[in-house]
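Novice: Need a 3D model of the following:
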Amino acid sequence: MAISFYDKGELSSGFHGWRVVATVRGKRRQKYFSVNRPSPQVDEALWHRYQHLRARYYEARWMARSAAVKYIDFIRAEHPATRPHRGVGFHGITLGIGRGNRCQSDQCYFSVNVKGRPTRVWIHQDRTLTEAWHRAVDLWGEAFDIRPKDIAKKRAAVPAPERFKALRKQLNKHEGFDLSVEVLHDVYAEQRAELAWKKVEVTAKTKSDDEQLLGFGAQLQKEMEDYLGTRGR
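Specialist: Below is the predicted model of the structure:
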């Protein structure tokens, strides 16, 4: 983004005035504002100020557009340098498996990639996948000045455990690691708990249905006995 003034004779084209240049998403844009008056009746100093204001306006407009585009790309696309199976769909957070200073064994984590001071949010028996994701997204939002509504959307989009399964496969098969399947144990904890709860619900429903069926059978038997007893009299 730049605004430049060219005096008379400085350019071979004969242009005299301001030039604004900007690059938005790789596309170069430029606009010229000549200080040559449209007619002698126009005050020279006034025309200079007017063209300069127009140039500054376009510079501000393109700067705002560039900032908006960068923000949108940041929250909607992964960084071009993101390595295989690490991305989560936007800049600033990646998946990882490894050991920290306090880790006795390899664990899965989310990395909030602030330049010079990345933060790892570990997934373990005391912090579920969802809890770790929420913590990572909150740190990401604070570090990169993300709008609250965009933070809320990212918090709701918790990565599936299978994403870490794919990363483990990538590390073992292509990057020389030898990570056991146990490294995924805590990542799948919520899924296991949900399946267990569904099993309990199904068991409870089956038991309830059986009880209702037995009750219905007993009632039917009683009604038949009462009916037959009436016929016998």
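Novice: Can you list the low-confidence ranges for this structure?
Specialist: Low-confidence regions of the chain, defined by pLDDT under 70, span residues 1, 103, 200-233.
Novice: How is the chain divided into domains?
Specialist: Per automatic domain parsing, the structural domains of the chain span 2-76, 93-184, 201-233.
Novice: For Pro84, which of those domains is the nearest?
Specialist: domain 93-184 (5.3 Å; CB to CB). The C-beta positions use only the backbone N, C-alpha and C, and glycine is treated the same way.
Novice: What's the end-to-end length of the closest one?
Specialist: 19 Å (CA to CA, to the nearest Å).
Novice: how about the nearest residue to Arg143, chain neighbours excluded?
Specialist: Let me fix one detail, which is that residue 143 is Ala and not Arg. Val114 (4.7 Å; CB to CB, 6 or more residues apart in numbering).
Novice: which phi and psi does the one you found have?
Specialist: As for Val114, its main-chain torsions (degrees, to the nearest 10) stand at phi -80, psi 130.
Novice: For it, give me its contacts.
Specialist: Residues in contact with Val114 (CB atoms under 8 Å, 6 or more residues apart in numbering) are Gly92, Ala143, Phe144.
Novice: burial count for the first one?
Specialist: It refers to Gly92. Gly92 is flanked by 23 other residues according to other CB atoms under 10 Å.
Novice: and the nearest residue to it once chain neighbours are set aside, what element?
Specialist: Closest residue to Gly92 apart from its sequence neighbours, by CB to CB, 6+ apart: Trp140 at 5.0 Å. Using DSSP states H and E, the element containing Trp140 is helix 129-143.
Novice: So Phe63 sits against Thr23, correct?
Specialist: Let me fix one detail, which is that residue 63 is Met and not Phe. No - Met63 sits out of contact with Thr23 when judged by CB atoms under 8 Å, with a separation of 11.1 Å.
Novice: these two touch, right, Asn36 and Lys8?
Specialist: No - here Asn36 does not reach Lys8: they are 9.4 Å apart, not a contact under CB under 8 Å.
Novice: So for those two, which residues contact both of them?
Specialist: His16.
Novice: Let me know the closest of the contacts of Val114 to Tyr32.
Specialist: Closest to Tyr32, out of all of the contacts of Val114 and judged by CB to CB, is Phe144, at 35.9 Å.
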